[in-house]
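A.B. asks: Okay, predicted coordinates and the sequence, questions at the end:
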Amino acid sequence: MNTTKIVKEVNLEDFKEIISKYKDNTYVNPHALDHLSDAQRKVFKEQGLIDALLKENPRGVGLQRNGRYAAFYRRNWGFLRIILEIKDPKLEIITFINTETMPNLKRLENETP
């Protein structure tokens, strides 16, 4: 079973409300940057991930089977996919992935589980 599969599109306004609610309690999991080389760590910093969540509008947001959110932010090379989880009273950025494309979230309404 693929627990990271996106099973539902999340309304952007609903997602913005979640971000707004946790804007003062958002943090990056220490393991989120583990997969980066030293050179990449100079480019991708924790604050950059938080700023993307707080200051940018995602192109799409999906709810994964494991209950985590996947938010897609447009970049000139593709998309930044940020995986986050609500851990009341905090919002935790679990990890991020650079990807060339994002899934068609509209198709999820017509799929069977």
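C.D. replies: Received it, and whenever you're ready, just let me know what you need. Numbers count the residues shown, from 1 in each chain.
A.B. asks: Name the next helix or strand downstream of the helix or strand of the chain with the lowest mean pLDDT, please.
C.D. replies: In the chain, the helix or strand scored least confidently by mean pLDDT, DSSP states H and E is helix 38-43, which has a mean of 65. Per DSSP states H and E, the first helix or strand lying C-terminal to helix 38-43 is helix 46-55.
A.B. asks: any idea which helix or strand comes after that following helix?
C.D. replies: strand 60-64.
A.B. asks: Okay, now the sheet partners of that next one, with direction.
C.D. replies: strand 6-9 (antiparallel), strand 69-75 (antiparallel) (DSSP bridges).
A.B. asks: how far is that strand from where the chain is centred?
C.D. replies: Put simply, strand 60-64 sits 8 Å off its chain's centre (C-alpha atoms, centre = their mean, to the nearest Å).
A.B. asks: Same check on stretch 95-105?
C.D. replies: On C-alpha atoms, centre = their mean, the centre of stretch 95-105 falls 9 Å from the chain's centre.
A.B. asks: In it, which residues are buried?
C.D. replies: 95, 96, 102, 103, 105 (16 or more other C-beta atoms under 10 Å). (Glycine included, C-beta is placed from N, CA and C.)
A.B. asks: and the fourth one, which of the three is it?
C.D. replies: Here residue 103 takes the coil state, with states given by DSSP: H, G, I helix; E, B strand; the rest coil.
A.B. asks: mind checking how far it is from residue 92?
C.D. replies: 22 Å (C-beta to C-beta, to the nearest Å).
A.B. asks: Count the residues that sit near residue 92.
C.D. replies: 17 (other C-beta atoms under 10 Å).
A.B. asks: From here on, call the first residue 197.
C.D. replies: Sure, I'll start numbering at 197, so the last one becomes residue 288.
A.B. asks: State whether it is indeed within a strand.
C.D. replies: Yes. Secondary structure assignment (three-state DSSP) places residue 288 inside a strand.
A.B. asks: okay but it is in contact with residue 280, surely?
C.D. replies: Yes. The pair residue 288 and residue 280 passes the contact test of C-beta atoms under 8 Å, sitting 6.3 Å apart.
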